[in-house]
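Participant: Here's my sequence, what's the structure:
(one chain, ligands or ions: 1)
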Amino acid sequence: MKVPKPSKVLVIGSAEGRVIEALEYIADLHKTHNFKFVICLGNLFTRKTPTAVVSKLKNEKFLVPLPVYFGVGSAGMPEAVTSHMAMYGPEICPNLFCMGICGFMKTYSRFTIAQLGGTYDEVKFNEPMNKREKSLTERSFHLTDVQTLSKRCDILFSNSWPENVQNKSSLPRRNLPSGNAPVAALAANCMPQYFFVPSPVYYEREPYRNSAVNVPSGTVSRFFGIAPFKNPTGEKFAYAFTLNPLTGEYVGDVPPNCTDSPFVLRPIPLKRASSEQVIPPPDSPISTESGFTRFKKSKVGPDACFFCLSNPSISLHLIVAIGNEAYMALPKGPLTTKDTNAPELPFPAHVLIIPIAHASALSLLSDSSYKSTVDELHRFREAVTQMYNAHNSDAIVYEISRANGVHVHWQVIPIPKALSPTALEYFTNQAKESGFAFEERDIRSHELNYFRVFLPTGEILVHTLSLRERFDLQFGRRATAKIIGIEDRVDWRHCSQTEEAEKKDVEDFKSYFKPYDFT
Ligand SMILES: [Zn+2]
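Facilitator: Residues are numbered from 1 along each chain as shown. Purely as a prediction, here's the structure:
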């Protein structure tokens, strides 16, 4: 594994929406200092940042010369930024990265940055996940955000202060923001080398020593409050330093003024309505009844997974229903359209049923959530099938389950009722063409690697995937396209739609689904 090289980093205080001015300042300083990356605290953008400013950046009328990372401050985010993120992810323009309410990133220089944005609202913090529509426009952080971020990082920055940061300090006590417990707990769990928050005044605490099992003793954190960008009172608003990797040759002596940690190391509070509703943090072990505890899980973590609600860059506008264990979203590039469906179903109606927990296969879910998740997937499947049935259509539902997949989901596609009797033959023939034969059965308990399809005539077909088998991921879509006679739509990338069209489809789906929606 490659180790990062010492890198010069710049951190600036809240620009309160003066985006271009702050970026110009950074660009200017970069010319002489050659930073590796920059962090902007607090409100780089605000809800009121003009769209023209965002356009200027997106059209590259202003070039950001080095990676700049920022999160959601206390003043929200302009719609132009959140909609960009929903469509294209966190990079607003080349080199400018929005880490949302909760973000974890590895820089090009291989350092890790964790960011917790927004404000602390105790009620919202503890809301059950299913009650809370996770959204890019969210302005306060949630328990699951703190859990997701609770892993080692080089730099932590948050919009709000940790509580008790002046504990154990021998510096004169100052009148600083009082902070909150979740951010303090996060800091204790992350053990960052550097921890920055936006501050009304410049504040530098003595370094403190983290202590935890499995952590080399003497891991030292440095905490800074950085004053607002170009503030009128002349408080220090920029901090530059050299970040060293946490490896032997760079872990120097513990500084003489180092104190004990002001933060109590404790597990992030797990108070919540149902233990089943929380997306497991990326490092949580996966266990199954069958003892596959060491089974390699997906390499893509929840923060980069396009089916994880905790990923700030997923397309939230495609979500049509959220249950306790699973949710439904429309796919990008649906196979069907109003023209390929029965006239009674005048919109694409192709939908995905997705477990909320990040797992590449259902059998890799924890014992406690397996049954409730599978039950709810079927409940969604039955509800959508009923909706189709009421509109002269039937459902083809298929699933690819693989230990090395990313995030398991079910594709649900309508076909006109008249075509239903042909579905079995099309799937059987498609299998023949691909060199295998289906078994007509359901999956066995804890079966891991398989393709499964539920046909409208009641048959369930399963094909066991061998470990080295190169299975065509479009198999189900290809077979369904043949049933309907729309093979030109097999490649979803040729079926992509404008966001406006997607939003219209979401509205249509929701209104047709309403009588069957149990969420
Ligand atoms: Zn996921």
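
Participant: Only C-alpha atoms from now on, for both contacts and neighbour counts.
Facilitator: OK.

Participant: From Ala187, how far out is the residue nearest to Ser178 when sequence neighbours are not counted?
Facilitator: In space, Ser178 comes closest to Glu163 once its chain neighbours are excluded; the distance is 5.7 Å by C-alpha to C-alpha, 6 or more residues apart in numbering. Look at Glu163 and Ala187: by C-alpha to C-alpha, to the nearest Å, they are 10 Å apart.

Participant: How about the contacts made by the residue positioned nearest the centre of the chain?
Facilitator: Centroid-nearest residue in the chain: Asn311, 0.9 Å away (criterion: C-alpha atoms, centre = their mean). With contact set as C-alpha atoms under 8 Å, 6 or more residues apart in numbering, Asn311 has these partners: 302-305.

Participant: Can you tell me the element it falls in?
Facilitator: Counting by DSSP states H and E, there is no helix or strand that carries Asn311.

Participant: May I have the phi/psi pair for it?
Facilitator: Per-residue torsions, Asn311: phi -80, psi 120 (degrees, to the nearest 10).

Participant: can you start the count at 731 instead of 1 from here on
Facilitator: In the new numbering, first residue 731, that becomes Asn1041.

Participant: okay, it: pLDDT?
Facilitator: Looking at Asn1041, its pLDDT stands at 75.

Participant: and for stretch 1042-1054, what are the contacting residues?
Facilitator: Residues contacting stretch 1042-1054 (C-alpha under 8 Å, 6+ apart): 815-820, 829-833, 860, 865-866, 1006-1007, 1033, 1035-1038, 1057-1061, 1106, 1232-1233, 1236, 1239-1240, 1247-1249.

Participant: before we move on, what SS does the residue in the stretch 831-980 of the chain that the ion sits nearest to have?
Facilitator: Using C-alpha to the ion, the single residue of the stretch 831-980 of the chain nearest to the ion is Thr878, 12.4 Å away. Recorded secondary structure, Thr878: helix (DSSP: H, G, I helix; E, B strand; the rest coil).

Participant: Can you give me the neighbour number for it?
Facilitator: 22 (other C-alpha atoms under 10 Å).

Participant: Could you measure from it over to Glu1169?
Facilitator: For Thr878 relative to Glu1169 (C-alpha to C-alpha), the value is 40 Å.

Participant: just Lys854 next, same as before
Facilitator: Counting by C-alpha to C-alpha - Lys854 and Glu1169 are separated by 48 Å.

Participant: How about Tyr850: what's its closest non-neighbour residue?
Facilitator: Leaving aside its sequence neighbours, Tyr850 sits nearest to Ser870 (C-alpha to C-alpha, 6+ apart; 5.6 Å).

Participant: can you give me phi and psi for that neighbour?
Facilitator: Here is the backbone geometry of Ser870 (degrees, to the nearest 10): phi -130, psi 150.

Participant: Likewise for Val927?
Facilitator: Here Val927 shows phi and psi, under degrees, to the nearest 10, equal to phi -130, psi 150.

Participant: just checking, what packs against the helix or strand hosting His1108?
Facilitator: Per DSSP H and E, His1108 falls inside helix 1097-1119. Applying 3 or more C-alpha pairs under 8 Å, 6 or more residues apart in numbering; DSSP states H and E, one finds that helix 1097-1119 contacts strand 1056-1059, strand 1081-1085, strand 1123-1131, helix 1229-1243.

Participant: and if we set it to 7 Å?
Facilitator: strand 1056-1059, strand 1123-1131 (3 or more C-alpha pairs under 7 Å, 6 or more residues apart in numbering; DSSP states H and E).

Participant: Close to the ion: what parts of the chain are there?
Facilitator: By the rule C-alpha under 5 Å from the ion, the part of the chain lying against the ion is 1032, 1035, 1037-1038, 1088, 1137.

Participant: Which of the residues you listed ranks first by neighbour count?
Facilitator: His1088 (28 neighbours).

Participant: pLDDT below threshold where in the stretch 881-1030 of the chain?
Facilitator: 941-948, 978-982, 996-1030 (pLDDT under 70).

Participant: Now do the helices in it.
Facilitator: Taking DSSP state H, counting those that start in this stretch, the helices of the stretch 881-1030 of the chain run over residues 911-920.

Participant: Which secondary structure state does the residue of the stretch 1131-1249 of the chain found nearest the ion sit in?
Facilitator: Nearest residue of the stretch 1131-1249 of the chain to the ion (C-alpha to the ion) works out as His1137 at 4.7 Å. Under the three-state scheme (three-state DSSP), the conformation of His1137 reads as coil.

Participant: now the closest residue to Ala1167 other than its chain neighbours: how far from Arg1174?
Facilitator: Distances taken as C-alpha to C-alpha, 6+ apart place Ala1161 nearest to Ala1167, at 5.7 Å, with adjacent residues excluded. Separation of Ala1161 from Arg1174 (C-alpha to C-alpha) stands at 20 Å.

Participant: Who has more neighbours out of those two?
Facilitator: Per other C-alpha under 10 Å, whichever of Ala1161 and Arg1174 has more neighbours is Ala1161, with 17 against 8.

Participant: Find out how far the helix or strand that contains the more buried one is from the centre of the chain, if you would.
Facilitator: Using DSSP H and E, Ala1161 falls within helix 1153-1164. Here the centre of helix 1153-1164 is set off from its chain's centre by 36 Å, with C-alpha atoms, centre = their mean, to the nearest Å.

Participant: and that helix, which residues are buried?
Facilitator: 1153-1154, 1156-1161 (16 or more other C-alpha atoms under 10 Å).

Participant: which ones among the contacts of Asn1041 are found in strands?
Facilitator: In strands, defined here by DSSP state E, there are no members of these.

Participant: All set now, cheers.
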